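Q: I would like the atomic coordinates for the input below:
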Amino acid sequence: MILKRICVVAMMLAISHFSHTPHLKVTDPNSWSNASVWNHKATLWSVLHPGSEFYTSYTYGFDLEFILRKIAHISFFGLLALLFYWNLKKSPWRYVKSWISLACFAFLDELHQAFIIGRDGRIIDVAIDSFGGALFLFLLYRYKKISRI
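A: Numbering: from 1, shown residues only. Reported below is the predicted structural model:
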């Protein structure tokens, strides 16, 4: 029981660490430990007000880095959704609770990124993260259903 809790906290910390790393490039492991700097001019209102960057599309191109980044989003948040699932008591709403927990964490993670110089938080990434969680939970559901046959 305690191992499941340690795993979910470790995954949340790992995601938060990468979100806190400015100018991170999936293709450059040397960038994975860049020193972080908070944007002290940013406020909750400047990040979340209608028309802010938070609600716009990406400004960088559709290249290998972009594709690997989105695969990482789907994978990390998909695994986190499974860890949320395994940490909840059995109930008919377990999948939904796991996904809602994941979506809330994804939103807070993207909000956090908006305060880091060299990072940007985007609502579209919340959707991608949430999709990753839904996908992994669906695959778990299908696996459990097939394995019962």
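Q: please work out how many residues are found near S52.
A: 14 (other C-beta atoms under 10 Å). All C-beta atoms are positioned from the backbone trio N, CA, C, and that covers glycine.
Q: which residues of the chain fall in helices?
A: Applying DSSP state H to the chain gives helices spanning 2-19, 44-48, 64-87, 94-113, 123-148.
Q: and of the ones you listed, who's closest to D28?
A: Relative to D28, the nearest member of those by C-beta to C-beta is helix 64-87, separated by 8.8 Å.
Q: check which helices and strands the closest one is in contact with.
A: The helices and strands touching helix 64-87, judged by 3 or more C-beta pairs under 8 Å, 6 or more residues apart in numbering; DSSP states H and E, are helix 2-19, helix 94-113, helix 123-148.
Q: list the contacts of that helix.
A: When contacts are defined by C-beta atoms under 8 Å, 6 or more residues apart in numbering, helix 64-87 is touched by residues 4-5, 7-8, 11-12, 14-15, 18, 25-27, 58, 60, 94-95, 97-99, 101-102, 105-106, 125, 128-137, 140.
Q: closest one to W38 among the helices of the chain?
A: Judged by C-beta to C-beta, the one of those that comes nearest to W38 is helix 94-113, at 10.2 Å.
Q: buried residues of that closest one, list them for me.
A: 95, 98-99, 101-103, 105-107, 109-113 (16 or more other C-beta atoms under 10 Å).
Q: try stretch 22-39
A: Buried residues in stretch 22-39 (16+ other C-beta under 10 Å): 24, 26.
Q: let me see the mean pLDDT of that stretch.
A: Averaging pLDDT along stretch 22-39 yields 86.
Q: show me what that stretch is in contact with.
A: So stretch 22-39 is in contact with 18, 20-21, 64-65, 68-69, 72, 115-119, going by C-beta under 8 Å, 6+ apart.
Q: could you rerun that using 10 Å?
A: For stretch 22-39, the external contacting residues (C-beta atoms under 10 Å, 6 or more residues apart in numbering) are 17-21, 46-47, 63-72, 113-119.
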